[in-house]
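S.K.: need a structure here:
(one chain, ligands or ions: 2)
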Amino acid sequence: MSKSALITGILGQDGPYLADFLLRKGYKVYGLIRRYSNPNFSNLDYLNVTNKVDYVEGDMNDEASLLNLIRGLHPDEVYNLAAQSFVKASFEQAKLTTEVNSLGPLYLLNAIKFFSPTTKFYQASTSEMFGLQHTNGYQDEKTPFHPRSPYGVSKVYAYWITVNYRESYGLFTCNGILFNHESPIRGIQFVTRKITDGVAKIKLGLVKELRLGNLEAKRDWGFADDYVEAMYLMMQQKNPDDYVIGTGESHSVREFVEIAFKSIGIADWKKYVVIDPQFKRPAEVPNLKAKADKARKNLGWKPKVAFDELVEIMVKADLKRYGSR
Ligand code: NAP
Ligand code: G4F
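M.R.: Ligands and ions are numbered 1, 2, ... in the order given. Predicted coordinates:
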């Protein structure tokens, strides 16, 4: 019999890539969606999987809906990708962020504990938990946490409750501590997609400038499609564990901007970029760089798409969206 998986956050960036990956493996895939008058399936459409997923309704803020779902479905695997995932918004909506990102996973874990204890659980943890901390310039599974935003703090709770339910009740629970990963269906507010969308519009004469915040922040950027494979691999191991997933390369926002403009033939990008303080954060995470040796050794995982290639893929996709060939 084929395995089943419930994916929360199915309409976001990672949900569609993971759904596509699991469907190819023969899984029955359930996708959790909130009740909307008009849900947006465009990211699933992009990967041609909209009609292959079975949709179930629920909300990470509504414990009963999650209890009922797990009790009814008994999925083999739950991938908890749902979150208020935009760091900047978490400063203005700290309570909502905490409810969705911290209590949501707790509700799912309780549902599994009470109604389906053989269900495996994946928590979408994040490099944002490291914040200011590093060991000789990189972060790995042993690096302590020092989150710098309500988002980062909310994810630290989710990380530890995931570990705690493994240790307390013997549940199969994993944390994937993923560093930034991007794609043509990345949310438009995140800096990479904001840049590639802006660059495409500038190329086509639709806008004249691109307004950004801190260009000096450095991130370890990979391709979302590579990263969902790591999620799956963690859930297939004999023993549940926590893994850092990233490329091991760190680049600044400035470098991302330079390469994106270069890909459309513009060397003098400074003519188009305006620094706007509204896009800066009360507290910044200056430098993220993964050391993903454990994933490489235990999971046999490594990223396939390099940084320059990722920027090009995204710029090309945005140009195509605006009708350019
Ligand atoms: P995303 O594009 O922002 O998608 C998040 C999804 O969560 C959306 O589909 C959203 O649903 C759903 N959601 C939000 N609140 C909800 C609620 N109350 N009930 C049910 N669903 C809710 O995020 P992503 O980039 O795919 O990331 C997936 C996960 O990985 C997130 O947990 C994120 O924090 C984590 N993460 C991401 C990265 C990265 O670089 N992308 C790195 C590390 C960790 P709607 O569509 O209905 O709004
Ligand atoms: O693209 P960002 O908004 O992503 P951020 O804050 O790194 O968070 C993302 O990655 C995390 C993993 O580390 C995830 F957990 C989280 O859910 C999310 O997916 O910002 C990246 C950097 C920041 O340093 C920000 O200050 O870009 C800088 N930046 C500069 N100008 C900007 C802008 N960020 C945004 N969003 N918009 C700007 O105009």
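S.K.: and the contacts of the helix ranked longest in the chain?
M.R.: Determined from DSSP state H, the single longest helix within the chain is helix 150-169. Identification of contacts with helix 150-169 by Cβ atoms under 8 Å, 6 or more residues apart in numbering yields 83-87, 90-91, 93-94, 97-98, 100-102, 104-106, 109, 112-113, 117, 121, 123, 125-126, 128-129, 131, 145, 147, 171-175, 177, 240, 242, 285. (Each C-beta comes from the backbone N, C-alpha and C, glycine too.)
S.K.: for His251, phi and psi?
M.R.: Dihedral pair for His251: phi -130, psi 150, per degrees, to the nearest 10.
S.K.: residues near it, how many?
M.R.: 19 (other Cβ atoms under 10 Å).
S.K.: so who does it touch?
M.R.: By Cβ under 8 Å, 6+ apart, the residues touching His251 are Lys218, Arg219, Trp221, Phe307.
S.K.: and the last one, what pLDDT?
M.R.: Turning to Phe307, the model gives it a pLDDT of 98.
S.K.: of the contacts of His251, which ones also sit close to ligand 2?
M.R.: Arg219 (Cβ under 6 Å from any ligand atom).
S.K.: what ranges does the stretch 101-250 of the chain have for its helices?
M.R.: With DSSP state H, counting those that start in this stretch, the ranges of helices along the stretch 101-250 of the chain come out as 104-115, 150-169, 191-203, 224-235.
S.K.: any idea of the angle the longest one forms with helix 104-115?
M.R.: With axes from the mean of the first three to the mean of the last three Cα atoms, to 10 degrees applied, the angle from helix 150-169 to helix 104-115 works out at 20 degrees.
S.K.: for helix 150-169, which positions count as buried?
M.R.: Across helix 150-169, burial judged by 16 or more other Cβ atoms under 10 Å covers 150-159, 161-163, 165-166.
S.K.: and the third one, by the same measure?
M.R.: Taking 16+ other Cβ under 10 Å as the neighbour-count basis, helix 191-203 is seen to contain the buried residues 191-203.
S.K.: with pLDDT and distance to Leu18 added, can I get those residues in a markdown table?
M.R.: Below are the buried residues of helix 191-203 laid out as a markdown table (pLDDT from 0 to 100; distance: Cβ to Cβ, whole Å):
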| residue | pLDDT | distance to Leu18 |
| --- | --- | --- |
| Val191 | 98 | 23 |
| Thr192 | 98 | 19 |
| Arg193 | 98 | 19 |
| Lys194 | 98 | 23 |
| Ile195 | 98 | 25 |
| Thr196 | 98 | 22 |
| Asp197 | 98 | 23 |
| Gly198 | 98 | 28 |
| Val199 | 98 | 28 |
| Ala200 | 97 | 26 |
| Lys201 | 97 | 30 |
| Ile202 | 97 | 32 |
| Lys203 | 96 | 31 |
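S.K.: out of these, which touch ligand 2?
M.R.: Residues shared between those and the neighbourhood of ligand 2 are Val191, Thr192, Lys194 [Cβ under 6 Å from any ligand atom].
S.K.: test my guess that the first one contacts Asn214.
M.R.: No: taking Cβ atoms under 8 Å as the definition, Val191 is not a contact partner of Asn214, at 9.2 Å.
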